[in-house]
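> Here is my input, please return the structure:
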Amino acid sequence: MNDKKSIRSFLAIDPPQEIFNEIIKIQERSRKTLQGDIRWVRPEGIHLTLKFFGYIHDSDVANISNVVKNSVANMKALLLNMRSLGAFPTVTRPRVLWLGIDGDIDDVINLQMRIDATLENYGFKKEDRPFKPHLTLARVKEPKGLIGLAEAVKKNEDYDAGSFYVRGLTLFKSDLKPTGAVYTRLSYFPFPE
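Have a look, this model is predicted:
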């Protein structure tokens, strides 16, 4: 569904600037440790994605908004800690290098599952894979040529981007450009205070 009336979108937790500042430091340090064909994600493009919609029509935004508003109606602020380095699918065959998350993670997982299940009633396919909260730091183009990842993962205590309170969710529009994706906020869904 990629036409002029459709938009590429996703629902995410948007970390504050202080977290991005720390992620920049982690990426700079990791660049020195890791060698290989790696494409680093720009910090302003890093989000904790709860649901990727792909291309949707403007009319879908209202249904998504209603589901998300209802889902966050009783949420309290959630504390998340950004730490530990890892890779998907495994450290020995990495495709994605990520920063792990702990804290009120069970609440985030339950919220994501609730939103995902409810959106299925509006024709949005439910996720096949289990939701594993993380922030993508880089994508590995050639896993066999990556050097230093196992050592970096062992030093998890050195990778700490800080903590923050989640106080809402953001629906983003994603425009793909030759220089990378550009993200625009479509809607913000605050948790009740």
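> So what pairs up with Arg83 in the strands?
Counting by DSSP bridges, Arg83 forms beta bridges with Asp160.
> residue contacts, it?
99-102, 156, 159-161 (CB atoms under 8 Å, 6 or more residues apart in numbering). In this view, the C-beta of every residue, glycine as well, is placed from N, C-alpha and C.
> measure it to Ala181 for me?
Going from Arg83 to Ala181 by CB to CB, to the nearest Å gives 25 Å.
> swap in Asp175?
Using CB to CB, we find Asp175 at a distance of 7 Å from Ala181.
> cool, Leu119 as well?
Note on Leu119: its distance to Ala181, by CB to CB, is 22 Å.
> and what of Asp102?
If you go by CB to CB, the gap between Asp102 and Ala181 works out to 27 Å.
> go on, Tyr55?
As for Tyr55, its distance to Ala181 is 14 Å (criterion: CB to CB).
> just Val41 next, same as before
In this structure, Val41 and Ala181 are 10 Å apart, going by CB to CB.
> Leu119 and Ala181: which has the busier surroundings?
A side-by-side neighbour count of Leu119 and Ala181, using other CB atoms under 10 Å, places Leu119 first with 22 against 14.
> any idea how far the more buried one lies from Met113?
Applying CB to CB to Leu119 and Met113 gives a distance of 11 Å.
> just Ile13 next, same as before
Distance, Ile13 to Met113, by CB to CB: 15 Å.
> Looking at these two now, which is surrounded by more residues?
Legend: neighbour count by other CB under 10 Å for Ile13 and Met113, higher for Ile13 (22 against 15).
> Filter the contacts of Arg83 down to the buried ones.
99-101, 159, 161 (16 or more other CB atoms under 10 Å).
> So among the residues you listed, where is pLDDT lowest?
Across the buried ones among the contacts of Arg83, the bottom pLDDT score, 81, is held by Tyr159.
> Would you check that that one makes contact with Leu97?
No - using CB atoms under 8 Å as the test, Tyr159 is too far from Leu97 to be in contact (10.6 Å).
> got any residues that touch both of the two?
Leu85.
> got the contact list for the least confident helix or strand in the chain by mean pLDDT?
None of the helices or strands of the chain scores lower by mean pLDDT, DSSP states H and E than helix 149-154, at a mean of 79. Residues outside helix 149-154 that contact it (CB under 8 Å, 6+ apart): 30, 33-34, 85-87, 91-92, 94, 97, 159.
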